[in-house]
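K.L.:
predicted model, plus sequence, below.
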Amino acid sequence: MGHNLLTIQKFSDQPKDGGEYPNFSDGWQLKLADGERIVWQGTASALRGSRMEHNSWKTTAALNARTTVFITDKRLVYICRKYKQGAMWFGGPLAIVLTLGGKGIAVLQRQGKAAVGQVRFDAPHGILAKGIKLGPVTSNEVTLVCVDDSGMFQLKLDLSNRDYEIVAATLAQQIATYRGVALPKAESKHESRTTLIGYTFPRG
C-alpha cells in the first residue's frame, strides 16, 4: 500500500507508537522523540501528496488551508487544524446564510481533530524548489520526491517567497546529516520568471 501521507486524527485517539503518523501533546504541540529537535517551523498555504501509479502521478492527499510545518533532524511533519472549512455560496442573502451555516458545521466536524502527516528522512530521493514570479504574483513550492516499498511518491508544499529556498536547503542539510552522507550540491536553473533549485540523494 505504501506510505500514507495524511490522516484525520483525533487528539484523544492518537497512535501510541508514532510510527506512521506524528503524535501531539496539549495544544497540538508536536511530541519529539528522545534527542530529536526542531530546526525549522513555519506555515504552508497548501499541501498536495501524490503517488506514481501506471506511469502517472495520482493525488493521494490535499490540504488547501494554512498548515503548520515542522522540520526536525529526523522528519518533516505537518498539521492542519482547519482542514475542513465549508463551502462558499454566492447569490444574495440566502447564500450568506448557507455559507455561514456550512462554516459552522465544518467547525463542529473538525472539533478535537486535525489533519496530520509526516515524511521520515529515510524516504526522500530528491528535493525540488520552484519559484515563479508573474508581476506582483508569486508561486513558490518545495517538493519532496520519495521512494518506499511500493514505489515513488511526492509531497508538495506551497510556501512564501521568503521561505521556499530556506526550507529546501534546510531539508537537504538535515536529510544528509540524518543519513550520514555528504550534502548534495544544489543544482539551480533560472528561466525567465522561473527559478528551480534541486538536490538529489543517492539511493540505498
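P.N.:
Arrived safely.

K.L.:
can you get me a residue count around the closest residue to K31 other than its chain neighbours?
P.N.:
In this structure, K31 finds its nearest non-sequential neighbour in N23, 4.3 Å apart by CB to CB, 6 or more residues apart in numbering. For every residue, glycine as well, the C-beta is placed using N, CA and C. The local packing of N23 (other CB atoms under 10 Å) involves 18 other residues.

K.L.:
quick thing: my sequence starts at 161, can you match it?
P.N.:
Noted, 161 is the first residue going forward, which turns the last one into N183.

K.L.:
hmm, N183 is touching A193, no?
P.N.:
No. Using CB atoms under 8 Å, N183 is not in contact with A193, being 9.6 Å away.

K.L.:
where does this structure have its least confident helix or strand?
P.N.:
Of all helical and strand segments in the chain, the minimum by mean pLDDT, DSSP states H and E falls on helix 253-269, at a mean of 42.

K.L.:
after that helix, next one along is what?
P.N.:
Using DSSP states H and E, the helix or strand that follows helix 253-269 in sequence is strand 273-280.

K.L.:
got the contact list for that next one?
P.N.:
For strand 273-280, contacts defined as CB atoms under 8 Å, 6 or more residues apart in numbering pick out 163-171, 180-182, 184, 188, 209, 221, 223, 227, 234-241, 243, 304, 306, 315.

K.L.:
what sits closest to L317 if chain neighbours are left out?
P.N.:
Closest residue in space to L317, ignoring its immediate chain neighbours: A204 at 4.3 Å, by CB to CB, 6+ apart.

K.L.:
okay but that neighbour is in contact with A225, surely?
P.N.:
No. Under the criterion of CB under 8 Å, A204 makes no contact with A225, lying 9.5 Å away.

K.L.:
okay, these two: which has more neighbours?
P.N.:
A204 (23 against 15).

K.L.:
ok, what's across the strand from K290?
P.N.:
Judged by DSSP bridges, the bridge partners of K290 are E301, L356.

K.L.:
list the contacts of it.
P.N.:
Counting by CB under 8 Å, 6+ apart, K290 has contacts S299, N300, E301, V302, T303, Y324, T354, T355, L356, I357.

K.L.:
also K349?
P.N.:
Listed by CB under 8 Å, 6+ apart, the contact set of K349 reads T355, L356, I357.

K.L.:
could you check how far the last one is from V302?
P.N.:
So the one you mean is I357. Noted for I357: a distance of 9 Å to V302, by CB to CB, to the nearest Å.

K.L.:
who touches both of the two?
P.N.:
Counting by CB under 8 Å, 6+ apart, the shared contacts of I357 and V302 are L288, A289, K290, A328.

K.L.:
most widely separated two among those residues?
P.N.:
Within the shared contacts of I357 and V302, two members stand farthest from each other by CB to CB: K290 and A328, at 9.4 Å.

K.L.:
overlap in contacts, those two.
P.N.:
Common neighbours of K290 and A328 (CB under 8 Å, 6+ apart) are V302, I357.

K.L.:
looking at the shared contacts of I357 and V302, which is nearest E347?
P.N.:
Using CB to CB, the shared contacts of I357 and V302 come closest to E347 at L288, 9.7 Å.
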